[in-house]
Structure formats: C-alpha cells, structure tokens
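Visitor: using only what follows, build the 3D model:
(one chain, ligands or ions: 1)
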Amino acid sequence: MDIKKLRDEALKELLGAKNLEELEKLEIKYLGRKGALTEVLKQLKELSSEIRVQVGAAANQLKHELASTIERRKKEIKAVLQDSKEWVDISAPGHKLAKGHLNPRTLILRRVEEIFQSLGFSVIDSTEMDTDYYNFQALNFPKDHPARDMQDTFYINEEVLMRTQTSPSQVRFMEKHNPPLRVIVPGKVFRRDASDATHESQFYQVEGLMVDKNISVANFKAVIAEFFKRLFGKEVKMRLRPSYFPFTEPSFEPDISCTFCDGKGCKICKNTGWLEMAGAGMVHPFVFKSAGYSPYEWQGFAFGFGLDRLVMMKYKINDMRLLNFGDLRFLKQF
Ligand code: PHE
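Guide: Numbering: from 1, shown residues only. You can find the predicted model right below:
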C-alpha cells in the first residue's frame, strides 16, 4: 500500500479540478465510504501491529490533508465563479428591480387629461416664455392696469416675460383655429412669489376653453361639475362665487365642498366647508376681438385651475414644495 503514491495522485487530481462537480467526484473517490483512502484504513487490521501504527498514522494525516485541500479548492473555485460574469446562480434569491415612480402631479395631470378628453376636449401645449402682449394686453390688461399687480411677473426684458398664467394660450390658440373648439392647456406658470407650503415661484395650471354658438354659464357648470365628480369619484357640491378677471365677464370662482370634511368645516378649508378650485368666466368680448373672432357670433367659457392644489387635495399633501424636491422617500409612496 503506497500511501505516498496515493497522496501524489490525489493532490495532482485535486489541484487540476476545474469545477465543483469534479471536486465532489474526487472527494468521493478518495474520502467516500468506498474511497481509496477509506479502503486503506479498512485494510489496516490485516497488517501487523507495528506497521499498522505507521501506516495508520500516515493514512490519517493524508485524510486530513486531502480534506483541507478539498475545502481550499472549493473556496478558490467559488471565488473564480463569482468574479466571472458568465456565472448565473439560478438558485440565488432574486433582487427586485427598483422601479421609478411617477410624480403625483403627473398622475393627476394624466387623469385630468383623460377626463377632459372624454368630454370632447383636446389637450394642447403652449409656450412658457411669452410676450407682454399675449400674457396681458390681448387679455384686456392694458399697460398700468392695476390687475397686473395680482400677478408678480418675471420679466426677461420689456416685452418678454415668463407667463404668469396659462390664459395667453387662449388668444394664441384662437388666432390659429376656427370655432367651435374645446381645449385644455396644462403647463408651468411663473410668479415672483416667495416659496412656502402653498406657494412656489413655479407651479402648474390647467387652462380650459370652450367656444361655440349659444354657450352659457350653464354649459360651464355642467362641464366643471362633471369633471370634479369624475376626479373625486363622487358627487361634489359646487358653487360659483362672483370674482373679477379682466378677460372674463362675468367672472367667478368655482368652489367645491371640502373633500376632507364633506363641507362640515376643518383645518384644510379654514372652517368654511368650501375649497377654492379655479378662476373662470365667460370669455370677454375683448379677448374674442384680440383673436379675430366676432363676439356677436361666438360665446365661450374659460377656466384656469392650479394643478398643484388639486394634487395636494387629492392625496392630502400639506406642502406644495414636496412636489418639486425629488425626495424619493416622498415620491415612492405613489
Ligand atoms: N388666469 C387666471 C389666474 O391665473 C385664471 C382664469 C383662467 C380665470 C381663465 C378666468 C378664466 O388667476
């Protein structure tokens, strides 16, 4: 029984093993129940006692050496496999891919667009940088009109500004399209407001415009009530509060009964039971004239609401700035 020969042979094979399977086969071949070394140990009893002690000690030492070599080789092979890109361990637990989230404002805007589209409105885009003419003059805000102060403006130069409202899209659209028409115009608007929980210098509005023959306030009420009903998923009480805008006459602001307390009065609605939702009114004849429409032939309604406010109400978010910060702890909740 040549233990030395067995050792040389075993070590050579173990060091040459290229993968875990080969290694396991060798483990069985040498250390298994019927393995070569086990056979040696079994045969010990046939030897004379002197030789038995020597051979036994050598065989046991070899057993330990082979076992530790096998362990070492296993670790080496695993390390190589982990480093190589081709290794796919199909038994490893999977990692869930991190999916991005839509901003809640995008979610609501999509819903708003969907609702108006189903009511026959087209969704159109307009320019964020505009002229004093479209943002003010064409909408019946002459130079030095006090109502300009309602909207603190970022001016680029004397003529060019960042739009303070989406309303300039009314004239821009009507200049290029003939009535009848139904459009909504979502987009960013800009005002020189200090940023706080309910104000940002950049926010979103959705403008609406419907022009046809014989359009009245009743049409406006029907459209806007249907919109709120679908958006909030239930009948909401609405009232039109008289208001003033230079480009609508009459002007009003639709309020809806507070969606938080169902009109009973709470912190959100400042105990009035009502939430201000939009500015609106019947298109002023001056605006039709700016766009080249005859005010004797056409009537229409227009409205503009703050999208951010709607999002805050729908999701009960108490700080508008959260919508802009890109904080994943916030965004991942939607
Ligand atoms: N543009 C107005 C605002 O920003 C809202 C409005 C739009 C009012 C359309 C009437 C008609 O306050």
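Visitor: run a quick neighbour tally on Met238.
Guide: 16 (other Cβ atoms under 10 Å). C-beta coordinates here come from the backbone N, C-alpha and C atoms, glycine included.
Visitor: now it: how far from Leu322?
Guide: 28 Å (Cβ to Cβ, to the nearest Å).
Visitor: then Glu276?
Guide: From Glu276 to Leu322 the distance is 21 Å (Cβ to Cβ).
Visitor: between the two, who's got more neighbours?
Guide: Ranked by neighbour count (other Cβ under 10 Å), Glu276 and Leu322 place Leu322 first, with 19 against 16.
Visitor: got the phi and psi for that one?
Guide: The phi and psi values for Leu322, taken as degrees, to the nearest 10, are phi -60, psi -30.
Visitor: that one contacts Arg329, doesn't it?
Guide: No. Counting by Cβ atoms under 8 Å, Leu322 does not reach Arg329; the two are 9.9 Å apart.
Visitor: any buried residues in the host helix or strand of Glu39, and which?
Guide: Following DSSP states H and E, the helix or strand that holds Glu39 is helix 36-43. The neighbour-count check on helix 36-43 (16 or more other Cβ atoms under 10 Å) flags 37, 40 as buried.
Visitor: and it, how far out from the chain's middle?
Guide: Averaging C-alpha positions (Cα atoms, centre = their mean, to the nearest Å) puts helix 36-43 68 Å from its chain's average.
Visitor: from the ligand, how far off is the closest residue to Glu158 other than its chain neighbours?
Guide: Nearest non-adjacent residue to Glu158, counting by Cβ to Cβ, 6 or more residues apart in numbering: Asp132, 7.5 Å away. As judged by Cβ to the nearest ligand atom, to the nearest Å, Asp132 and the ligand stand 15 Å apart.
Visitor: same thing with Phe252?
Guide: Applying Cβ to the nearest ligand atom, the value for Phe252 to the ligand is 9 Å.
Visitor: list phi and psi for that residue.
Guide: According to degrees, to the nearest 10, Phe252 has phi -150, psi 170.
Visitor: by contact count, what packs against the helix holding Glu39?
Guide: Contact partners of helix 36-43 among helices and strands, from 3 or more Cβ pairs under 8 Å, 6 or more residues apart in numbering; DSSP states H and E: helix 3-16, helix 20-31, helix 49-83.
Visitor: out of those, deepest packed?
Guide: Mean neighbour count (mean count of other Cβ atoms under 10 Å) peaks for helix 20-31 among those, with a mean of 16.
Visitor: can I get it as CSV, trimmed to CA atoms?
Guide: Taking Å, rounded to 0.1, in the frame of the first residue of the first chain, the C-alpha atoms of helix 20-31 are listed here in CSV:
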residue,chain,number,x,y,z
LEU,A,20,-17.2,22.0,-8.1
GLU,A,21,-18.6,18.9,-9.7
GLU,A,22,-15.2,17.4,-10.5
LEU,A,23,-14.1,18.3,-7.0
GLU,A,24,-17.1,16.5,-5.5
LYS,A,25,-16.3,13.4,-7.6
LEU,A,26,-12.8,13.4,-6.3
GLU,A,27,-13.9,13.8,-2.7
ILE,A,28,-16.0,10.6,-3.2
LYS,A,29,-13.2,8.9,-5.0
TYR,A,30,-10.7,9.4,-2.1
LEU,A,31,-12.7,10.1,1.0
